[in-house]
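1. have a look at this prediction, sequence included:
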Amino acid sequence: MAPRFLTEKQEDRLPGGSATPLVLPPRPSQASQLRTDGFTLLEILVVLVLIGVLTSLISLSSVPDPRRAIAEEAQRLGLLLTMASEESRVRQQPISWEGDLHGYRFVTETGGERQLMNDDDLLHERSWQQPLTLLTITQDGQVAQTLLSPEAPPLRIPIAREWVQSRWKIEIADGNADVTVVFDENGIGHVASAPQQ
């Protein structure tokens with residue numbers, strides 16, 4: 001017979017007018033109480049696997065890709081050379097770019113004297129993020145200069161002040177990737193080739 005609870009019906013009252021005593025539902029056994037209070041081994045293993053997968057994804061995404069680094073360096077170089085071309089037009093002063101396997105710089109000549117543009121916020125001397133293994137300048141489709149040795153003198157190219165100029169490109173490589181920056185007739189540079197896998 002199911003336990004009876006306190007009700008207002010006449011037939012539920014005990015003789016003498018008192019109500020039936022309150023009966024509580026049966027208590028669960030100790031074994032079933034342990035299962036509802038904790039985690040199963042399977043649940044703990046699933047959580048550990050998820051933590052491991054997320055940790056590996058985070059660690060892989062935080063490691064810098066060296067091929068991506070040289071592509072960003074080439075993009076920066078293209079923007080700086082474009083800006084140097086515009087600066088040369090505004091100042092009406094010749095500006096040259098010099099580059100070697102360790103870094104590059106922008107140079108002006110005033111009164112026959114060569115001066116680095118280190119006082120300029122953007123056109124100051126810079127180092128490559130990683131030393132290069134190859135630096136090539138191509139003008140009008142023909143290789144004009146190539147630099148393979150760190151001891152060799154830097155390559156030098158004058159930045160044209162004319163509004164329309166010949167096409168040229170700079171190829172840089174660091175052993176991980178090879179990237180080319182192409183300059184159009186207006187002196188605007190953009191990265192032409194993506195890093196090689």
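-> Everything's here; your move.

2. please name the nearest non-neighbouring residue to Gly175.
-> Distances taken as Cβ to Cβ, 6 or more residues apart in numbering put Thr133 closest to Gly175, at 4.9 Å, once the chain neighbours are dropped. All C-beta atoms are positioned from the backbone trio N, CA, C, and that covers glycine.

3. distance-wise, check that neighbour relative to His190.
-> Using Cβ to Cβ, to the nearest Å, we find Thr133 at a distance of 23 Å from His190.

4. could you do Leu79 as well?
-> 9 Å.

5. then Gln75?
-> 8 Å.

6. next: Asn176.
-> Asn176 is 21 Å from His190, by Cβ to Cβ.

7. which residue ranges form the strands in this protein?
-> Secondary structure of the chain by DSSP state E: the strands cover 95-99, 103-110, 113-116, 126-127, 134-139, 142-147, 155-159, 168-173, 178-183, 189-191.

8. compile those into a markdown table and extend it with columns for mean pLDDT.
-> Shown next, in a markdown table, are the strands of the chain (pLDDT from 0 to 100):
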| stretch | mean pLDDT |
| --- | --- |
| strand 95-99 | 88 |
| strand 103-110 | 88 |
| strand 113-116 | 84 |
| strand 126-127 | 90 |
| strand 134-139 | 86 |
| strand 142-147 | 78 |
| strand 155-159 | 83 |
| strand 168-173 | 87 |
| strand 178-183 | 87 |
| strand 189-191 | 80 |
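
9. export those strands as TSV, with columns for distance to Ala84 and mean neighbour count.
-> Below are the strands of the chain laid out as TSV (distance: least, Cβ to Cβ, whole Å; neighbours: other Cβ atoms under 10 Å):
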stretch	distance to Ala84	mean neighbour count
strand 95-99	5	20
strand 103-110	6	17
strand 113-116	13	11
strand 126-127	12	13
strand 134-139	15	17
strand 142-147	18	13
strand 155-159	5	17
strand 168-173	13	21
strand 178-183	11	21
strand 189-191	10	19
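
10. out of those strands, which is closest to Val49?
-> Ranking these by proximity to Val49 (Cβ to Cβ) places strand 178-183 first, at 39.4 Å.

11. sheet-wise, list the partners of the closest one with their directions.
-> Within its sheet, strand 178-183 is paired with strand 168-173 (antiparallel), strand 189-191 (antiparallel), according to DSSP bridges.

12. now it against strand 134-139, angle please.
-> Between the axes of strand 178-183 and strand 134-139, defined by axes from the mean of the first three to the mean of the last three Cα atoms, to 10 degrees, the angle is 30 degrees.

13. next, the angle strand 155-159 makes with strand 178-183.
-> Using the same axes, to 10 degrees: strand 178-183 against strand 155-159 is 30 degrees.

14. so who does the residue nearest to Gly175 touch?
-> Counting by Cβ atoms under 8 Å, 6 or more residues apart in numbering, Thr133 makes contact with 101, 148, 173-175.

15. of all those residues, which comes closest to Glu113?
-> Minimum distance to Glu113 across the contacts of Thr133 is 26.3 Å, recorded for Leu101 (Cβ to Cβ).
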